[in-house]
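[1] fold the following.
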Amino acid sequence: MIMRTEPSLELLTLFVRGRLDQATMDEIKSHLATNCKKCEAQMQWAKTILEAAGNDPSEAPPENMLAAGRRIFADYERRRNETNSRIFHAILMFDSAWIPLPAGARAPASGQRRLLFAAEPYEIDLEISRIHRGSFDLLGQVLPADRLPLSCRATLQQRGRKTAPLDTRGLFAFDAVAPGIAGLTFHLGEQTIKLSRVRIG
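    Coordinates of the predicted model:
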């Protein structure tokens, strides 16, 4: 059986790791057999990230980091069970801070960081760049843009609220964002996507 829609990056990542039920695995295999270029590119991206993680010689993380991870997933499970089906909580799929720098290497002078979130059928790509010692630019894009309804907007919650429109390519921007924890909400027609805890800086 071939999937009616393209599998999300989240599903493709779980597929590469063999973490899906057999029926879903078979559906994705059938879809990949159609030579979908987008999915092939996403599969390669997922394999590269997973391979890099598998080759990481780092020691086991300390217990406080493991405890923080357990709290994050417990919070995700709670939010996943919320009854309002029009509000979706995006899953963090990639954070450039996860990739350790080679020994002796220095972080980029710009302090740039990339994050990728997924909330089917959308993916949200964020770029956080230091502009001054105490503030950052937050740029992003919601994809696929051709699925976005008209008049979409993003709201940043941090010491108040800022709102930015999404253009026809799904692009948005917030400037002079203070360091700390921020929330992002995307109003996409009848669907709302939340990014509850985005670390700035």
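[2] am I right that A90 is in contact with P121?
    No. Under the criterion of C-beta atoms under 8 Å, A90 makes no contact with P121, lying 11.9 Å away. Heads up, the C-betas are built off the backbone N, CA and C, glycines and all.
[3] of those two, which one has the most company?
    Taking neighbours as other C-beta atoms under 10 Å, A90 and P121 compare with A90 leading, 21 against 12.
[4] what sits against that one?
    F117, A118, A119, I124, I193, K194, L195 (C-beta atoms under 8 Å, 6 or more residues apart in numbering).
[5] please repeat the previous calculation with a cut-off of 6 Å.
    By C-beta atoms under 6 Å, 6 or more residues apart in numbering, the contact set of A90 is F117, A119, I193, L195.
[6] narrow these to those in helices?
    If you go by DSSP state H, the contacts of A90 have nothing in helices.
[7] next, format these as JSON lines and append neighbour count.
    JSON lines is the format used below for those (neighbours: other C-beta atoms under 10 Å):
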{"residue": "F117", "neighbour count": "26"}
{"residue": "A119", "neighbour count": "22"}
{"residue": "I193", "neighbour count": "21"}
{"residue": "L195", "neighbour count": "23"}
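[8] mind putting the residues you listed into TSV with distance to R86 and pLDDT?
    TSV is the format used below for the contacts of A90 (distance: C-beta to C-beta, whole Å; pLDDT from 0 to 100):
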residue	distance to R86	pLDDT
F117	18	94
A119	12	90
I193	10	94
L195	16	93
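[9] quickly name whichever of those is closest to P165.
    Within the contacts of A90, the smallest distance to P165 is 15.6 Å, found for I193 (C-beta to C-beta).
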